[in-house]
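Colleague: Okay, sequence plus prediction incoming.
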Amino acid sequence: MEFVAFVVLMVFLALVGGYIVTSLLLLRFPSLIHKKKNLKFRCRHISHRGGAGENLENTMAAFKHALSLNTEMLELDCHVTRDGQVVVSHDESLERACGYSGKISGMDYKDLPPLKPCLNVDFSCCHEIQGGEDRQIPLLRDVFEAFPNLAINIDIKVDDDELITKVSDLVREYKRESLTGWGNRSDKVETKLHKQNPDIPLIFSMRRVVLLLFYFYSGLLPFIPLKESLFEVIMPSILLDEGKSPMKLSKKQRFAIRVVDALMMRPLLFKHLERRGIQTYLWVLNTEDEFERAFKLGVHGVMTDFPTKLTEFLDANPQYRK
């Protein structure tokens, strides 16, 4: 019996050892079993809502300003109007941005109200941006026409089959599959997006982010196929900044954020994803210290409300442009 137990133990240790060695090998060389994704864009500088800290969010003025600063990607949000027009807006409700009681889905495009002359910046709570003449909610079509060669990151804000279909149709019409990424927090919506147009690079949903971390720490990640191409996540430590958190955090909450930050912000994870052709973007970073930390972690891109600040930082630190 002792001999049998010994043999069983040896077999078990051999299997565990083999699993660990194989996992580490594939973590370093994932191309042995996975085909590397080949994205046509590589973005360091990403303007969140076009640069919501310098112009009214999601406006053509913001997008043009960001491009003048050599941004490499615009991040924007989409909804669909009652008459089937895809518009660029973060909220479905018009209350916060326009001061109007109603929803985009309940109005025709021609009747949408203008944006307020000034808006608070969500990730810089003490900052308010004063808008210029451009206060119009733009059409996604107009954005595609104005920026034909610029990568665009689309947040599909709601579970709406019409919206998903129309955004996909516009991407196809303008032949932008290679310059567009899209996603939603919901795994259900993500499944719809991928089914609708598998040629558009997909962003990880929240559930898939959690699963990815589980796979990483269990050693399973190198064996798992991934349909997504963009790992776009918050850098949790920014929530410790009182200027970005909407509420006062308790000691337990701050501790939990630090733990989550330590688990998520892993250079080894980002490097493995890079070897599989998956790019990592962190949001929404608005200070030099945050930019510095992000690029030192090895991420591909930083999403910011202040494109001027990020351009100045990258100009002063050309090593991060590589």
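Modeller: Nice, thanks for sending it over. Residues are numbered from 1 along each chain as shown.

Colleague: and Thr280, what are its phi and psi?
Modeller: Here is the backbone geometry of Thr280 (degrees, to the nearest 10): phi -110, psi 130.

Colleague: Buried residues, the longest helix along the chain. List them.
Modeller: In the chain, with assignment by DSSP state H, the single longest helix is helix 2-28. Buried residues in helix 2-28, counted by 16 or more other CB atoms under 10 Å: Ser23, Leu26, Leu27. Quick note: C-beta positions are derived from backbone N, CA and C, even for glycine.

Colleague: Next: stretch 220-238.
Modeller: Neighbour-count burial for stretch 220-238 flags 221-222, 226, 228-238 (criterion: 16+ other CB under 10 Å).

Colleague: from the buried residues of helix 2-28, which is closest to Leu213?
Modeller: Leu27 (14.2 Å; CB to CB).

Colleague: need the contact list for that closest one.
Modeller: If you count contacts by CB atoms under 8 Å, 6 or more residues apart in numbering, Leu27 has them with Leu221, Pro222, Leu268, His272.

Colleague: what about the third one, which helix or strand?
Modeller: Element membership of Leu268 [criterion: DSSP states H and E] is helix 267-275.

Colleague: Now do that helix: everything it contacts.
Modeller: For helix 267-275, the surrounding residues in contact (CB under 8 Å, 6+ apart) are 27-31, 36, 212-213, 216, 221-222, 231, 279-280, 297-300.

Colleague: Please report phi then psi for Gly181.
Modeller: Torsion angles, degrees, to the nearest 10, at Gly181: phi -120, psi 150.

Colleague: Can we start the residue count at 218 from this point?
Modeller: Yes, from this point I'll number from 218; that puts the last item at Gly398.

Colleague: Give the bridge partners for the residue nearest the centre of the chain, please.
Modeller: Using CA atoms, centre = their mean, the residue of the chain that lies closest to the mean C-alpha position is Glu449, 3.3 Å off. Here Glu449 sits in beta bridges with Tyr498, as judged by DSSP bridges.

Colleague: can I assume it is in contact with Trp500?
Modeller: Yes - with contact defined as CB atoms under 8 Å, Glu449 reaches Trp500; the gap is 6.8 Å.
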